[in-house]
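Provided below for reference: sequence and predicted model.
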Amino acid sequence: MAAQFSIKDIVRPNILALKPYRCARDDYSSGVLLDANENAYGPALSPSSEATAATSGLDINRYPDPHQHDLKNLIAKFRNVPGPEHFFLGVGSDEVIDMIFRVFCVPAKDAVLITPPTYGMYSVCAQINDVQVHKASLTLDGQFQLNVDEIERQIEAHPNIKVIFLCSPGNPTGSALTHESIRRVLTLPNYKGIVAVDEAYVDFIDSSKEGTTATWVKEYPNLIVMQTMSKSFGLAGVRLGVAITTPEIASYMNATKAPYNIASTTSRIAQEALQPKGLDILQKHIAVMVQERTRLLEAFKSINGLGRVLGTNDANFILVEVLNKEGKPCNDRAFNMYTDMAKRQGLVVRFRGTELGCEGCLRITVGTPEENDVVIKLLTEQLSS
Ligand SMILES: Cc1ncc(COP(=O)(O)O)c(C=O)c1O
């Protein structure tokens, strides 16, 4: 446990003092409901429309449940975490990231630490919230692991750091961080702030390796684990992000959120995905994706002009170098390929060559077997010219 951690010292004073919005529905949720200025006549939808059929039984003329206990219980069971009191649910994990800034970081005063190359939203949210960003880069040996000594130096140099964002598996690196290194960050002797572990891609880690840290929230008072239904569950359009943390931290995040942030439709679809049938499909999709990832990795080895695959391939994408004629990673060639494939051939991947340690890199999401055939074909064609 981080020796000096005290939640009251790191939550923003205005959030500590916050009297959350309360509605009559917090106390009474059935009967003749004329408390919330909803439309008792029902939605402006034709009774025979597809939207009416898809939302049958949902009462979408009513505000959704502000607490989402049923959904939280299902996620808790799936992730082996005690109960709903450990959760904050957001409109994607992008809302979870923003909520962490709003609860902990005083604008124009506090700072966060990120470990580049990493997910861009931590810096974007920092800028939106007027919070400084300090950096301790991942190891640039192709493994993209934490440099804990550098993190410690940054913490000591900048005592205003309130949150350390770790991404495991990383984006764009695809590397899961070792549990040992995450534990070291959680217990840094001179650090009093939060460690937020972004596990958007955690379900794609091979089962022979270390997986989620979500169950650690019983052990560490300063840990927030972020997950999402956008990736392994295939529900990016539904927008459901999850923070798993201590009941105390969750209570501050829940007090700060907009009262009805999770739509009834989002909740219903997410709950269905967490039933045994949904979880069965989830496992099947993950298994195929892992097989296809292996197939792409094998195929990339024999495409002339591709260099190293960076990272440890623990996510649903591959980060691969494009080489020039001299065999060196080359941003110009990678960028030209990226634009040419998108404009002329309709294949959209992501150019990541300007990220730290990713020179010449394209990040390619693992698609369906047919889509992956297209990837192999077009990369081969592009690099043979
Ligand atoms: C590491 C990481 N975290 C969070 C997100 C955002 O996920 P969501 O769709 O839940 O907002 C992404 C999306 O690409 C991501 O790569």
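Noted; the coordinates are in hand. Numbers count the residues shown, from 1 in each chain.

what is the end-to-end distance of stretch 167-179?
End-to-end distance of stretch 167-179 (Cα to Cα, to the nearest Å): 12 Å.

that stretch: which residues count as buried?
Counting neighbours by 16 or more other Cβ atoms under 10 Å, one finds that the buried residues in stretch 167-179 are Cys167, Ser168, Pro169, Gly170, Asn171, Pro172, Thr173, Gly174, Ser175, Ala176, Leu177. Using the backbone N, CA and C atoms, a C-beta is placed for each residue, glycine as well.

is it true that Asn261 touches Glu95?
Yes: with contact defined as Cβ atoms under 8 Å, Asn261 counts as touching Glu95 (7.0 Å).

who in the stretch 251-385 of the chain is up against the ligand?
In this structure, the stretch 251-385 of the chain does not approach the ligand anywhere, judged by Cβ under 6 Å from any ligand atom.

got the buried residues for stretch 350-366?
Residues 351-353, 355, 357-366 are the ones in stretch 350-366 that count as buried (16+ other Cβ under 10 Å).

that one: end-to-end distance?
With Cα to Cα as the measure, the ends of stretch 350-366 fall 12 Å from one another.

tell me how far it lies from the chain's centre.
Per Cα atoms, centre = their mean, to the nearest Å, the displacement of stretch 350-366 from the mean C-alpha position of its chain is 18 Å.

list the contacts of that stretch.
Contacts to stretch 350-366, defined as Cβ atoms under 8 Å, 6 or more residues apart in numbering, come from residues 116-117, 137-138, 140, 144, 172, 289, 292-293, 296, 307, 310, 316-323, 328-331, 333-335, 337-338, 349, 372, 375.

near the ligand, which residues of the stretch 1-150 of the chain show up?
Counting by Cβ under 6 Å from any ligand atom, the stretch 1-150 of the chain comes close to the ligand at Gly92, Ser93, Asp94, Tyr119.

who wins for neighbours among these?
Neighbour counts for those (other Cβ atoms under 10 Å) peak at Ser93, which has 25 neighbours.

would you say it is within a helix?
Yes: per DSSP: H, G, I helix; E, B strand; the rest coil, Ser93 lies within a helix segment.

any idea how far the nearest residue in space to it that is not next to it in sequence lies from the ligand?
Nearest residue to Ser93 in three dimensions, chain neighbours excluded: Gly241, at 3.4 Å (Cβ to Cβ, 6 or more residues apart in numbering). To the ligand, Gly241 is 4 Å away according to Cβ to the nearest ligand atom, to the nearest Å.

check Glu85 too.
The gap separating Glu85 from the ligand is 22 Å, by Cβ to the nearest ligand atom.

quick one, which of Asn261 and Glu95 is more surrounded?
Taking other Cβ under 10 Å, Asn261 and Glu95 do not tie; Glu95 has more neighbours (23 against 18).

residue contacts, the more buried one?
Glu95 makes contact with Gly241, Lys257, Asn261 under the criterion Cβ under 8 Å, 6+ apart.

can you check Glu180 too?
Contacts of Glu180 (Cβ under 8 Å, 6+ apart): none.

Ser267: neighbour count?
19.

quick check: closest non-adjacent residue to it.
Ranked by Cβ to Cβ, 6+ apart and with sequence neighbours excluded, the top spatial neighbour of Ser267 is Leu71, at 5.2 Å.

this protein: strands as residue ranges?
Counting by DSSP state E, the chain has strands at residues 87-90, 111-114, 132-135, 161-167, 194-198, 223-228, 241-244, 306-310, 317-322, 350-351, 361-365.

dump those strands into TSV; add mean pLDDT as well.
As requested, the strands of the chain are exported to TSV (pLDDT from 0 to 100):
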stretch	mean pLDDT
strand 87-90	98
strand 111-114	98
strand 132-135	98
strand 161-167	98
strand 194-198	98
strand 223-228	98
strand 241-244	98
strand 306-310	97
strand 317-322	98
strand 350-351	98
strand 361-365	98
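
let's have those strands in CSV, adding distance to Asn14.
Putting the strands of the chain into CSV (distance: least, Cβ to Cβ, whole Å) gives the following:
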stretch, distance to Asn14
strand 87-90, 18
strand 111-114, 18
strand 132-135, 19
strand 161-167, 14
strand 194-198, 17
strand 223-228, 20
strand 241-244, 20
strand 306-310, 42
strand 317-322, 39
strand 350-351, 38
strand 361-365, 39
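
surely Pro259 touches Tyr21?
Yes: if you go by Cβ under 8 Å, Pro259 and Tyr21 touch, sitting 5.3 Å apart.

quick revisit: so who does the residue nearest to Ser267 touch?
With contact taken as Cβ under 8 Å, 6+ apart, Leu71 is in contact with Leu89, Ile262, Ser267, Ala270, Gln271, Leu274.

I'd say the third one and Pro64 touch.
Looking back up the chat, that one is Ser267. Yes: under the criterion of Cβ under 8 Å, Ser267 lies in contact with Pro64, with a separation of 6.4 Å.

just give me how far the lengthiest helix in the chain sits from the chain centre.
Longest helix of the chain, by residue count under DSSP state H: helix 276-301. On the basis of Cα atoms, centre = their mean, helix 276-301 sits 19 Å off its chain's mean C-alpha point.

which single residue of the stretch 51-200 of the chain ends up nearest the ligand?
Distances between the stretch 51-200 of the chain and the ligand by Cβ to the nearest ligand atom are smallest at Gly92, namely 2.6 Å.

what's near enough to touch that residue?
Neighbouring residues of Gly92 by Cβ under 8 Å, 6+ apart: Thr228, Ser230, Arg239, Leu240, Gly241.

quick one: it from Ala36, how far?
25 Å (Cβ to Cβ, to the nearest Å).

how about Glu85?
25 Å.

more neighbours: which of those two?
Legend: neighbour count by other Cβ under 10 Å for Glu85 and Ala36, higher for Glu85 (16 against 11).

what about the residue nearest to that one when sequence neighbours are not counted, neighbour count?
Leaving aside its sequence neighbours, Glu85 sits nearest to Pro247 (Cβ to Cβ, 6+ apart; 4.2 Å). Neighbourhood size, Pro247 [other Cβ under 10 Å]: 14.
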